[in-house]
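S.K.: pasting the sequence and the predicted coordinates here, then a few questions.
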Amino acid sequence: MKVIILGDSGVGKTSLMNQYVHKKFSPQYKATIGADFLSKEIQIDDKLVTLQIWDTAGQERFQSLGVAFYRGADCCVIVYDVNNNKSFDNLDHWKDEFLVQAAPRNKESFPFVVVGNKIDQDNGESRVVSEYKARRWCAVNGNIPHFETSAKEDINVDAAFMNVAKNALSNEPVDE
Amino acid sequence: MSGGPEAFEFESACDDLQDKVECLLPWQSLLLVGAADGSLSVFDIPDQDAEDPTLTLSQRIKGFSKRALVQLDVIPTKPALLSLSDDGVHLHTLPDLAPICTVAGTRGASRFAWNQEKLTLAVAVKRKLAFHHLTGVEFMEMTTMAVPDVPLVLGWCGDAVCAGFRKEYVLANPNTGSLGDLFTVGRAMKPSVTPVPGANELLLAKENFGMFIGRDGRPTRRPSSALTWSEAPLAVAVSPPYVLAAVLQTSQNFIEVRNLSPSARKGVVQMFHVEGPVVLAQVAGMDGSVYLASKTKKALWKLRPTALGGQVEELMGMGEFPDALELCGMMPEDQRGGTEDLLRVRYGAHLFSEGDYDEGMAQLAMHSCNTPVLFLKLFPSLTPPAKMKNFPLPVPDDLFSDMREPQGEERVKAVSALLPYLLSHRSRLATRRREDLEMDDEQHRLGPEVGAEMAESGEERDQAVGESGTSDKTAASEQVMSRLHRSRQATLVDTAILKGMLVCPDTGALLQFVQQPNFVDMEEGRGALVGCGRYAELAALYQSRGHHSEGLELLRRLSQSPQSFDVEPQGVASGLSGEMGVWAVVRYLSTLTEKDAAVIQQHATWVLKQDAEAALQMFICSEKRLPPAIVLPILRTSAPQYSSIYLEVMLDCGEVSHEEYDGTLMKIYLREALENEQEIGCLGQPSEGESLDSFLKSVASEELRESMKNSSQVPLFTAAGPKKMPTPQELEDAAPSPSQSYQRLKQLIMTSPYIDPSTALASIPSGRLFDLQALLMEKLGRHKEALEVYAQELHSLELAEALCDRVYESSKGAGRGDIYMMLLEIYLGLKDGPKPPEWLNHSLWRQLFHVLSRKRYRIDAEKVFGALPFDLCLCEVMPFVEACLRTLAEQQRNVGVAKNLYSCENLEVKERLIKSKQRMVHATSERACHMCKKRIGSAVLVAYPNDNLAHYSCYRRGSQT
């Protein structure tokens, strides 16, 4: 199953993926070049599922090849930083970008999951995007599941990805 | 019947049992056998490697229990043996089997279940469940619960106990005392409860289905994935990943082996026929062996699991890849490496050949070796096999030997599944490259010694790809090798991406790809792109790789002769004929720098001829502007008319400094002026509105001069921002007429502090552009020469006069009027010269003297008259004479008026004096002379300024003394 992680540069997409797959976190920030993926096998209900998580670069200049990565996706995770309003405001942009580029057949019902990352930062002192606000956005945009995580402290990461996997499983493949 | 590999091997473990077996329990290397007569036998299990699998009886305790032993279990932590017979549950030490205690109130119990987590024993005694807690060596009864029937089987399920009756299963929770129905047992009335080791699940038999429930009593699997036995099981045992069930099928006894995992293939894995009913040990031994004993024959058998690796390979050989993967996942991590990799590749290749490209690629991607070669091997059309010879496959080569690359529509699908993986390898290679660079920087920064250490630690990081340095030297050379290998790999990957994108529908991604820095093999890339007519992409590739001359030449061909290609231009290239192509060239050229000057010149030249607007746009408006040192020669040869306007704009927007380029600009203007001397027309006559005189006057003003020093000339475009560039259209419109350009030349010469007037003067050919010469001479202070030029060459008295005025106004001192004398002397000199010119006629003299008459206040008339020759006709001098006379009369009048005014003033002063001297002295009869102190009376008196009075006589006397 193919999962795409999108979101602004520096919100922690790669960290989330690494924490989930390798249980590792590096505080050093390195911009992702292009796109790469990690695989993890998980058991959902009575199915053994290989989750292939594609991490894309948030920086604009790497996005041109997006369509190559998006095709065949079963779920799309959009990540924002709860300490950064702009990254939250860009959720719309990323959702539209994905729908345009991937052109899934079931545009209306394609599963998205929204993840607010970095809730650990300054013990939550620097948070600017409230959970309420995020949930409201998710509700308006077709009841998208919403999770707040910390890749650094490994808070809620497994739960978020488990939900992603379940959503992906419920989705029909984009093509075929 | 069974389709898979052998999961178990059937072995005889003992064929001379003395007792009728009731229950079996493997514990460590022992097998405990409880018999119907109450005796307990202890067998030693031979080592796995032992040749003879037969068990050896090590101990047999006859009368271990008074009644038949029904159930055995172990408390592993003590360790101790729990045994159940009709007279209750007993606890014995292990392995000595010394009695510890008997659990009170368990006489007549039918079943028990031990919970190691809670140290609680649940015992079914008739129609109730008793719960005992183990404290030290004693069981304390905690609670009892009544149940509807006699439990036949028991099993812990979280906090509760699942009890199986003849007809149903219930869940009894000792903490809450609640009883909950689960489901019925079915017609078979054979309840069975089997704990699944390590899964927190209980396997319950319902008819011939095996249902799994979790700790909360809820089903953990969908009904569709329940186990399905051929008949209701008589006994069930679990040996992961399999579950074994004893079934009676058409009065034959069988052991059915099935997969425990929900995701594995359903159906029987293996089936054993056994003679007569059997007793099955519910738990497996340490090596996964399941023991069973015949109820009719006195024999013990063993089902020994075959090695998983072997099973995996067998499954793989049969093409049952998902099952093989499942089994592989059960193998210890350190053993499965090679097997799993091989499995992934074979599965991937299989899926690929089935047309499931996405899943196939996903499997290949799970190979532990991080190499794109695996993928590329499937697409010989994207990477010629010859190019792959430096990249050995991490799996046997023949795996791919019968693979065929799909064609047509299928190929597009396959390639679009491939591309993300190639791109991800590209990302990985790029990341490694960045790390290499960072490491180099670090080494560089830390100096050579520490750098070497860094290299070593870097190697440690690299061990994942099989690099390890024994010494610094080999480490370094291996590092170089691996970098070389990676760069070759990058070429392989990038070239395949390019070819792959050519296969897929054009979304513009290919263009974007080749525009980025890449490592595409130029020869192959060029061939592939040309073959598809994708010349725009090829040009972009040339550009990103710095092959500018080829790239530009290609664009030129696209623009100028698109029909000259063998393969018709496709995609973006098809829209690049004509003007669009010119603009593409312009955009391309705009990205180049000085070092590509030659190629810029080559292409800018034809672009200028083709579309001057585009070319100017390139020179002026592009982000990275070319230096004028490159642009000017191009313009000079191809479009000289734009040279000046180009340079003016460059100067205006501060792109180049006036200091450097004012001289160049002057030369350009000068060249234009010389070329267009005729057109400039009436020389020296300021054209089109702006009078030179007024301009020069404004130039003279200090303020403006100051602003000129700050390098800003009169701006060509009154733009809002200082850096705003004009559009090429505006530029073309702004291209000056020759006379305007000449104006600007003069302006530049007069205002720029960076132009040396003498050099400028020297660069004007003699006999040309006299007014300019005069201006320069004036600037140099050579006034006489300038006046001579005005007089002799330009015949312009106005200009000469203007020059004189400027000189007069800018100088100080008494002699400053001499400049006008100089003017006069020049004309007189001409007249007295060997050949007086014809134009020096009557009217000119009159004009000259009119001029002088206007300046009469500035000049000494006497000097003028003194200089006039006698042969000059009076009527010619008349204007001046008249003016002088008029001036004299005027002066006389003025003096008269002044004199009268002065005398008038004098009178006024006198009157004021008198008025100011007037005073009043009060003389009464009472007042006395201040000298003689007598009364004044009517005598003559004198008044002093201090108002004292005195007799005149006294005064006279006083003054005489």
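M.R.: Nice, thanks for sending it over. Residues are numbered from 1 along each chain as shown, chains lettered A, B, ... in the order given.
S.K.: just the CA coordinates of the longest helix along chain A, formatted as CSV?
M.R.: Counting residues, the longest helix found in chain A (DSSP state H) is helix A:157-170. Extracted in CSV, the C-alpha atoms of helix A:157-170 (Å, rounded to 0.1, in the frame of the first residue of the first chain):
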residue,chain,number,x,y,z
VAL,A,157,3.0,8.5,15.8
ASP,A,158,2.0,4.8,15.7
ALA,A,159,-1.7,5.7,16.2
ALA,A,160,-1.5,8.2,13.3
PHE,A,161,0.1,5.7,10.9
MET,A,162,-2.2,2.9,12.0
ASN,A,163,-5.1,5.1,11.1
VAL,A,164,-3.4,5.9,7.8
ALA,A,165,-2.9,2.3,7.0
LYS,A,166,-6.6,1.5,7.8
ASN,A,167,-7.7,4.3,5.7
ALA,A,168,-5.5,3.3,2.9
LEU,A,169,-6.8,-0.3,3.1
SER,A,170,-10.4,1.0,2.9
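S.K.: from the rest of the structure, what touches it?
M.R.: By Cβ atoms under 8 Å, 6 or more residues apart in numbering or on different chains, the residues outside helix A:157-170 that reach it are A:1-3, A:16, A:19-20, A:42, A:44, A:47, A:49, A:51, A:53, A:74-75, A:77, A:111, A:113, A:115, A:145, A:147, A:149-151. For every residue, glycine as well, the C-beta is placed using N, CA and C.
S.K.: and the helix or strand residue B:749 falls within, what does it pack onto?
M.R.: Here residue B:749, judged by DSSP states H and E, is contained in helix B:738-751. Helix B:738-751 is packed against helix B:643-652, helix B:658-675, helix B:677-680, helix B:692-700, helix B:770-779, with contacts defined by 3 or more Cβ pairs under 8 Å, 6 or more residues apart in numbering or on different chains; DSSP states H and E.
S.K.: in it, what's buried?
M.R.: B:738-739, B:741-751 (16 or more other Cβ atoms under 10 Å in any protein chain shown).
S.K.: picking up where we left off before, buried ones only from the contacts of helix A:157-170, please, as a ChimeraX command.
M.R.: Buried residues within the contacts of helix A:157-170, by 16+ other Cβ under 10 Å, are selected in ChimeraX with:
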select /A:1,2,3,16,19,20,42,49,51,53,74,75,77,111,113,115,145,147,149,150,151
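S.K.: centre-most residue in chain B?
M.R.: Most central in chain B under Cα atoms, centre = their mean is residue B:516, positioned 12.3 Å from the mean C-alpha point.
S.K.: that one reaches residue B:545, doesn't it?
M.R.: No: Residue B:516 is not in contact with residue B:545 according to Cβ atoms under 8 Å; the separation is 11.0 Å.
S.K.: what about the residue nearest to residue B:874 when sequence neighbours are not counted, distance to chain A?
M.R.: Leaving aside its sequence neighbours, residue B:874 sits nearest to residue B:881 (Cβ to Cβ, 6 or more residues apart in numbering or on different chains; 7.2 Å). Using Cβ to the nearest Cβ, to the nearest Å, residue B:881 is found at 87 Å from chain A.
S.K.: residue B:881 touches residue B:873, doesn't it?
M.R.: No: taking Cβ under 8 Å as the definition, residue B:881 is not a contact partner of residue B:873, at 11.6 Å.
S.K.: who has more neighbours, those two?
M.R.: The neighbour count for residue B:881 versus residue B:873, taken as other Cβ atoms under 10 Å in any protein chain shown, is higher for residue B:881 (18 against 10).
S.K.: wait, is the more buried one part of a helix?
M.R.: Yes: Residue B:881: assigned to a helix according to DSSP: H, G, I helix; E, B strand; the rest coil.
S.K.: tally of neighbours for residue 162?
M.R.: The chain I'm using is chain A. For residue A:162, using other Cβ under 10 Å, the count is 15.
S.K.: that's the other chain; I wanted chain B
M.R.: Residues near residue B:162, counting by other Cβ under 10 Å, number 26.
S.K.: cool, the one 4 residues further on as well?
M.R.: Counted with other Cβ under 10 Å, residues neighbouring residue B:166 total 13.
S.K.: would you say it is within a strand?
M.R.: No: per three-state DSSP, residue B:166 lies outside any strand segment and is coil.
S.K.: now the residue in the stretch 51-200 of chain B that chain A sits nearest to: phi and psi?
M.R.: Residue of the stretch 51-200 of chain B nearest chain A, by Cβ to the nearest Cβ: residue B:199 (10.5 Å). Reported as degrees, to the nearest 10, the phi and psi values for residue B:199 are phi -120, psi 0.
S.K.: now the closest residue to residue B:279 other than its chain neighbours, what's its secondary structure?
M.R.: Spatial nearest neighbour of residue B:279, excluding adjacent residues (Cβ to Cβ, 6+ apart): residue B:293 at 4.6 Å. Counting by three-state DSSP, the backbone at residue B:293 sits in strand.
S.K.: identify the bridge partners of residue B:293.
M.R.: Counting by DSSP bridges, residue B:293 forms beta bridges with residue B:279, residue B:300.
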